[in-house]
Structure formats: structure tokens, C-alpha cells
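Enquirer: Just the structure for this:
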Amino acid sequence: MQTNVNRSRNFFKSILPILTFFCLMLLVEVAVMEVYFFIAAWTSGKTDFYDFLDYFLEKFIGDGSIISMFIYGFIALFVSLFWYRTVLEKQKNIPDYLADSKKYELLTGDGNHFTNYKKICIIALIVSAIGFQIVMQFFMVGLAKLAPSWAEEYQELLKATGLGESKLSWMMVIYILVGPFSEEMCFRGLTFEYSRKSISFWGANIFQALLFGGFHGNMLQGIMAFLLGLVLGYIYGKTRNIKATIIFHITFNASTFFIGEIDITKMNMLTGFIYLMVGLTIAYFGLVYFFRGVPRNFNAPKMPE
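Expert: So this is what the prediction gives:
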């Protein structure tokens, strides 16, 4: 009976991180919007309300949304880092089926850095992330052709967030560095960790990937994020190393800026096939080689099947 209560409690806890992040995002958005509203009211010189509203929205949708994302990103980073570290420090004292597990205790020790890893396996992890980005490029193009409305929705979202040439440097900080750190600690470090105590490995992995996909707010990017989340969840679940998933996530996001410049729609069938096979090969064998370098001198924890 107590075990079932603990599992239910942990499953509820697994939803709290994403709810917290949504609330933080909303609070930051409202706060920045209010600041921009007062600045617009002070500087616009508009006497007609609708002219003022157009002026305000033009200002906010541009720089305001970028500032909101930037502030939210760093707040989410510090909140998730503190929360994740707090969870790790308390885990040793949890009196359930995870107690006395060497791998479980490893979460606060060697499991979260690369001291015992083969150095070449980190390179393999990076190469695998680049390969996965190539595969996702084909997947996104195919999905956009099957559902053009999803592609339009995605483009509108990019415009709404102010993603443009002049703001690329700001977005790169959020997209490449801040996002992967906070999202990994939220979805893999917290959501997966909590839900894994109440459901099976694949149940926890699919659950956190679904939340990760839904967090992106549109179908096209959400489906891609779901697939990426499955890979990241698998890596974390098998290694309990949050740094490994952060490296994979950062590499995946960063590679968008050079792989995304390759227009696969202009490739002929043979070239496109070879390019896709290269992506699949390095994505798969990169992960295989990475897992071969993971230390295996600990026992698997006793978890619900």
C-alpha cells in the first residue's frame, strides 16, 4: 500500500517541473509586457488608443519577446539547477526500492561526470548528435510537406518570438546554451527521475518525451522534440549522467546553424539518400560506441517494470 502511495506521489511530482516552467514563462512574459506598455505609453505620443496598441504590439513582439525569453531562460536555468541538485542530495535518504542501489547512490558521485568514461566516447556522443540532426532534417522536411499548416504555424512562431538576423546572437545563447541546460535538468533530471520511480523505463521515457515535445508549443517542432526527447531519455536512463544529455542536446542545437544551411530539397535522389545514410550511420554507431565507453562497475537499481 505504501509503495503504491509513493509511486503515485512521485508520478505527480514528475509533472511539477513543466508546470513550474510554464508559470515562470507566463510571469516573465507578463512582467516584461507591463514594462513595455509603460515605456510605450511614455514615448509613443499616440492619442488614438488603436494607434497606441499597434505601436505597443510592434515593439513588444520584436525586442520584448526576445528579452522575455532571455530572462525566462536564465531564471529557468537557476531554478532547474537548484531543484535538480536538491533532488540528488535527498535521493540517498528515500526509503523505497531504490535504497541500497549502487547505481542509485552513483547519481551524486561518479554517475554525473566523465571520470571513468573513455575519452573517445564523448567524441562519439557529439558525432552521434550531429548525425541525429541530419536525420531530423529529413524528417522535418517530409513532415512539412505532409502537413503544410504545421510548417506555417512553426514559421509564425519564429516570427512571433522575433527570431531574425539582427537577433541571432541573442537567440544562439538561449538556443545553444541556456535551453539545453535547463531543459535537460527539467525533463531528464527531474521528470524522468520522478516518473521512473513509479513506472517502467520506457513508460517514464515516453512520458518525459511527450512533455518535452508539448513544451515547444507547435506540432512540427513538438514532434521533433518528442523524438529527440526519447533519445535523450534513453541516454540518461542508461547512464544517469545529465552531462551526457546536455552535451548531446547542445551539439544537436548548435549543429542546426550549419546543417540547416544545407538545402536537402535541392539534392537529387542519390545524393539525398547517401546524405541520409551518413546521418543514420553516425547517429547509430556514435551512440553504440558511446555506450561501450560507459563504466559498468555498478549494479542496476531495482525499479518497477
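Enquirer: which residues in the chain form helices?
Expert: All helices of the chain, identified by DSSP state H, fall at 2-43, 49-59, 65-91, 102-105, 119-146, 148-160, 168-172, 179-183, 193-196, 201-215, 219-239, 242-259, 269-292.
Enquirer: in the third one, what counts as buried?
Expert: If you call a residue buried by 16 or more other CB atoms under 10 Å, then helix 65-91 has these buried ones: 65-73, 75-77, 79-80, 83-84, 87-88, 91. (Each C-beta comes from the backbone N, C-alpha and C, glycine too.)
Enquirer: rank the helices of the chain by mean pLDDT and give me the bottom one.
Expert: Among these, helix 102-105 has the lowest mean pLDDT, at a mean of 37.
Enquirer: just to revisit the earlier point, just say which of the helices of the chain is most tucked in.
Expert: helix 193-196 (a mean of 24; mean count of other CB atoms under 10 Å).
Enquirer: which secondary structure elements does that helix contact?
Expert: helix 2-43, helix 201-215 (3 or more CB pairs under 8 Å, 6 or more residues apart in numbering; DSSP states H and E).
Enquirer: between the shortest one and helix 2-43, how big is the angle?
Expert: Helix 201-215 runs at 10 degrees relative to helix 2-43, counting by axes from the mean of the first three to the mean of the last three CA atoms, to 10 degrees.
Enquirer: orientation of helix 201-215 relative to helix 219-239 in degrees?
Expert: 150 degrees.
Enquirer: ok, residues contacting helix 201-215?
Expert: Outside helix 201-215, the residues that touch it by CB atoms under 8 Å, 6 or more residues apart in numbering are 14-15, 18, 21-22, 183, 187-188, 191-192, 195-196, 199, 222-230, 232-234, 237, 303.
Enquirer: Of the helices and strands packed on helix 193-196, which is nearest F49?
Expert: helix 2-43 (10.9 Å; CB to CB).
Enquirer: I'd like the distance from that closest one to the chain centre, please.
Expert: From the chain centre to the centre of helix 2-43 is a distance of 16 Å (CA atoms, centre = their mean, to the nearest Å).
Enquirer: Repeat that for stretch 251-261.
Expert: In terms of CA atoms, centre = their mean, the centre of stretch 251-261 is found 15 Å from the chain centre.
Enquirer: what does stretch 143-155 contact?
Expert: N218, M219, L220, Q221, I223.
Enquirer: now those in a markdown table, with distance to L280?
Expert: Shown next, in a markdown table, are the contacts of stretch 143-155 (distance: CB to CB, whole Å):
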| residue | distance to L280 |
| --- | --- |
| N218 | 26 |
| M219 | 24 |
| L220 | 21 |
| Q221 | 21 |
| I223 | 18 |
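Enquirer: ok, of these, which one's closest to R292?
Expert: Checking the contacts of stretch 143-155 one by one against R292 (CB to CB), the nearest turns out to be I223, at 30.2 Å.
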